[in-house]
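1. My questions are about this predicted structure, shown below with the sequence.
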There are 2 protein chains.
Amino acid sequence: MATQDNMPELEVLFELADLFKVFGDSTRLRILYTLFDGEHSVGEISATLNMEQSTISHQLRVLRTNKLVKVRREGKQIYYSLDDDHVKKVIEMGLDHVLE
Amino acid sequence: MATQDNMPELEVLFELADLFKVFGDSTRLRILYTLFDGEHSVGEISATLNMEQSTISHQLRVLRTNKLVKVRREGKQIYYSLDDDHVKKVIEMGLDHVLE
DNA sequence: TGAACATATGAATAACTAATCATATGTTTT
DNA sequence: AAAACATATGATTAGTTATTCATATGTTCA
């Protein structure tokens, strides 16, 4: 029996699982998709997805905590955008699997 | 406000979220990593990860249901292996994000 | 300064999930 | 056929999580 010896540290695996957990929610995926074409305010996202502002805000915090989106304040509004190109890539790779 | 218009169907998004949910568990990630170097029986995986056979079996079923692993019976043992190259790619892409 | 607006946050709840235990199913060996 | 072995499955439980409601924080404008 060949044992897998280049498995990442347990702690890294936990982080990795946490990252995938973030993608594992349709509301968050929809938010990320909304941000695919550039930054949007909380209100815009909330209107686009037709979901409660509070729900969006809570989920944006999850995305922010996990460094998938970044924030910019402009007056009363707060604009969110994708933090990283990995985000698109991970999602698209997953989509490949789903659509195959 | 520019609306995102190439967002996949809601149903596809649910499937996508479900797929990522599968990756969002460290036990399942460890199982997948174990299979990176080829097929292994349930007992081998269980021994390698030092986890209950039942736990592994339950999680393998999740992986199987989501078409991430495939099965082959050989006598008493059942051998599992990765079903798809996407699996490695998705995981590695996620790892990139975590390790950055 | 106070009202209106945009967003964030805390608490509560309902739904989901991973692990465990006990046991069932299926295969081989004697 | 019975025992031994490998894996799967059902029920239970503890822990987690997404949403909602209510409200707080922070910003602008009159």
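-> Looks like it arrived, so ask away.
2. Is there proximity between the helix or strand hosting A:Asp18 and chain B?
-> Using DSSP states H and E, A:Asp18 maps to helix A:10-23. Yes. Helix A:10-23 reaches chain B (CB under 8 Å from any CB of the partner chain) through A:10, A:12-23. Quick note: C-beta positions are derived from backbone N, CA and C, even for glycine.
3. Residue numbers of chain A in contact with DNA strand D?
-> A:21, A:24-27, A:51-52, A:54-55, A:58-59, A:62, A:73, A:75-76 (CB under 7 Å from any atom of the strand).
4. Mind checking which of these land in strands?
-> Mapping the residues of chain A next to DNA strand D onto strands (DSSP state E) picks out A:Arg73.
5. The one helix or strand in chain A whose mean pLDDT sits lowest - contacts with which helices or strands?
-> When each helix and strand of chain A is scored by mean pLDDT, DSSP states H and E, helix A:85-99 comes last, with a mean of 89. Judged by 3 or more CB pairs under 8 Å, 6 or more residues apart in numbering or on different chains; DSSP states H and E, helix A:85-99 is in contact with helix A:10-23, helix A:26-34, helix B:10-23, helix B:85-99.
6. Quick one: mean pLDDT for the first one?
-> For helix A:10-23, mean pLDDT is 95.
7. Give the buried residues for that helix.
-> A:Leu13, A:Glu15, A:Leu16, A:Ala17, A:Leu19, A:Phe20, A:Lys21, A:Val22, A:Phe23 (16 or more other CB atoms under 10 Å in any protein chain shown).
8. restrict the residues of chain A next to DNA strand D to those near DNA strand C?
-> A:Ser54, A:His58, A:Lys76.
9. now, among those residues, which is nearest to B:Val69?
-> Closest approach between these and B:Val69, by CB to CB: A:His58, at 33.7 Å.
10. Could you list which residues are in contact with that closest one?
-> The contact partners of A:His58, by CB atoms under 8 Å, 6 or more residues apart in numbering or on different chains, come to none.
11. Give me the pLDDT value at it.
-> 98.
12. Kindly report the same for A:Leu49.
-> Taking A:Leu49 on its own, its pLDDT is 97.
13. List the residues that contact the nearest residue to it once chain neighbours are set aside.
-> Take A:Leu49 and drop its neighbours on the chain: the residue closest to it by CB to CB, 6 or more residues apart in numbering or on different chains is A:Arg30, 5.4 Å away. Neighbour list for A:Arg30: A:Leu49, B:Met7, B:Leu13 [criterion: CB under 8 Å, 6+ apart].
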